[in-house]
Structure formats: structure tokens, C-alpha cells
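In: Sequence below, structure please.
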Amino acid sequence: MIRVLVTGATGFIGLHCIKQLLERGYFVRGTIRSKIREPEVTQAIEKYNLDIKNLELVETDLLSDDGWLEAMQGCDYVLHVASPNYNPEKEDIVKIAVDGTKRVLWAASQSNVKKIVMTSSLAAVTGCSDSEKKFDETDWANINDKRIDQYTKSKIAAELTAWNFIDELSEKNRMNLSVIIPSAVSGPTLTDDIGTSNQFILKLINGTTKGIVNLNIGWTDVRDVARAHIEALEMDCMNGERVILCERTLWVKEIVDLLRKKGFQNLPRFSWPNFIIKFLLTNKGSFVDSRMVGKKRLISNTKAKNLFKWKQMNALDSINETAKQLKDRI
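Out: Numbers count the residues shown, from 1 in each chain. Here you go, the predicted model:
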């Protein structure tokens, strides 16, 4: 039986990866920061009548060397999905992301792993660029751009670290790397970890968001993100490739209008003037460049369409399904 290590087993994307891997007949070893969270994963999987005898959970941390070699033992592939938790007032997320990536790749290189599929972010492609071009996989955000936030820097730095690490491997330790680059990720949650982008949807429907910001955001469904990770490890043509997942871009107002039609009541009722949002973004600092307010972001999904023989889920349907599930949290 083929064995796959999934880092970040309790995470929104990581847990969907585990579910789909088990459905496809893989043996899965998932990493968790604490054994206390093991029931959280196993109970979520058992709800889908999947046999957890093919699931093993091990305790590791991206901040520590301990346990990574043991976690890799016997594994053919690795899905590196985990993102580090950090305290922005005390810790450097860029350093954490880079060091964690190095730990995972080094352990894999010492363990006869054939391929790593890593989760990046569209932020590593677009950054704060206000270019009117259509962004694709050949684009990289400028890590030295002073406008970008630490999260974006961490995503750029971690991915660059991974590619450089692979390039410098000896022939003896050679393994392949593929990178999946999701845009904002919506879709059903399998546990209480709803994901960053779903937090955005929750704040729209629970009344927290008081006004509509005139921003255009790329979206993809979490089930497609997990599927892309798994097929990337199965497809030789994905070796050395990075692939963007963005079913479409949506204005925030389009999302609000959809949810209002679906019966949600606590949605924002007015749109913030562009000049106010630009002023706030300029003064507070954000991964969203103030110059993107009111501007449509152009993202190519041509590569994903050519590589994967399935159609990504409609982003509006995914967001609506997410909102229905999150309604219980209001």
C-alpha cells in the first residue's frame, strides 16, 4: 500500500487531503502538533465511514527537528500542507515558514521519499502588484516589496526555499517537487478549523462586516485543492511544476448579492467609498495593496485546466455551501 505523509492533519486543507487519500486507498500518516488533537481528526474521518486503520497520526512541530525522520519512515510521498502558528508580536513568521520547510524537505530527502507536493499561496504570485496583466505560474511576487505583509513574505520565502532545496540535492537524495497555489479557499469544513477564507465568509453573514469593500478576489474550493494535491503526486507531468487554482475572481459585492438572494439577513448594506479604504490600507499596512481597490485581478487558470481532467467547482456554489454550513455558528 502506498504511504503518504500529510503535514498539518488538523488544518482545513490538510484534513480534506487525508479524507480523499483514504477514499483512494492510500495509507496516510498525518502530523499533528499535539496528540490531544488526535480525536479531532479521527472523529472527522469516521463520519464518512472511512476505515481509520489506514490512518496514523504522529506528533511533530515545524518549530522543532524532533520526530520528522520518524514521521517520514516508509512514506512514498509527502503533502506539505502545514502552515506555522505564530505570535506576530514575538515571532518572525518568515523564519518559521522557511525553517519548517527546510525541516520537512530535509527529512524527506533522507527517507527515500519520491515526491513532495507543497501548498503555496496566490500571494506568492501576485503580491502587491497592481499590474493589469493576467498573472500565471511564471510570476513571482517581489519579496523585497515593502508594501507586502509578513504572511505574504513567508509564503514567497517558503516556496523559494523549497525550489532551491530541490535544486541543490545530490543525485543520491533526488526527489521531485510540485507546488499547488490556491487562491482564497472556500468549501465545507470537516472540523472546527474553518480556514482563513471561510472566516471572511463568516464575517459577512454574521453582521461583523459593516460595509462592502470594492475588492476583486480569486476563489477555489477546498475539495478541488485537495484533489489537485493528490493528483499532483500521482502525475509525472507535474514534477517541477507550480499550478494555480482559481476557478474565478469575484467582487465582494457579487458575493454579498449572492448570499442575500440565498436568504442571509445580516449582510453589509452599503459599500465603502474607494478613497476611504485606500487611506486605511495605506496607513495600516495590508497584504492588499491600496491600488487594487476597484481593480479587477486577472488570474490565469489555463494550466490547471490543461493538467487536470476535471472542472473546478463553481466558486459561487462553493461560497453558498460554505455559508449554509457556517450559519450554525452565528
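In: ok, now which ones touch residue 25?
Out: Contact analysis of residue 25 by Cβ atoms under 8 Å, 6 or more residues apart in numbering lists residue 1. For glycine as for every other residue, the C-beta is placed from the backbone atoms N, C-alpha and C.
In: hmm, try it at 10 Å
Out: For residue 25, the contact set (Cβ atoms under 10 Å, 6 or more residues apart in numbering) comprises 1, 2, 54.
In: I'd like to know how far it sits from residue 132.
Out: Counting by Cβ to Cβ, to the nearest Å, the separation of residue 25 from residue 132 is 46 Å.
In: Local confidence estimate at residue 107?
Out: On the pLDDT scale, residue 107 is placed at 97.
In: neighbours of it, just the number please.
Out: With neighbours defined by other Cβ atoms under 10 Å, the count for residue 107 comes to 22.
In: a helix runs through residue 193, doesn't it?
Out: No: under DSSP: H, G, I helix; E, B strand; the rest coil, residue 193 falls outside any helix and is assigned coil.
In: low pLDDT regions in the stretch 1-150 of the chain?
Out: 85-90 (pLDDT under 70).
In: can you pull out the helices in this structure?
Out: Taking DSSP state H as the test, the helices found in the chain are 12-23, 38-46, 68-72, 93-109, 123-126, 150-167, 196-205, 222-234, 252-261, 274-284, 302-307, 315-326.
In: Out of those helices, the one nearest residue 173 is which?
Out: Ranking the helices of the chain by proximity to residue 173 (Cβ to Cβ) places helix 93-109 first, at 4.3 Å.
In: Taking their axis directions, the closest one and helix 150-167 sit at what angle?
Out: Orientation check (axes from the mean of the first three to the mean of the last three Cα atoms, to 10 degrees): helix 93-109 against helix 150-167 gives 30 degrees.
In: And helix 93-109, what does it pack against?
Out: Contacts defined by 3 or more Cβ pairs under 10 Å, 6 or more residues apart in numbering; DSSP states H and E place helix 93-109 against strand 3-7, helix 68-72, strand 77-80, strand 115-119, helix 150-167.
In: Can you point out the buried residues in it?
Out: Within helix 93-109, the residues that qualify as buried are 93-94, 96-109, counting by 16 or more other Cβ atoms under 10 Å.
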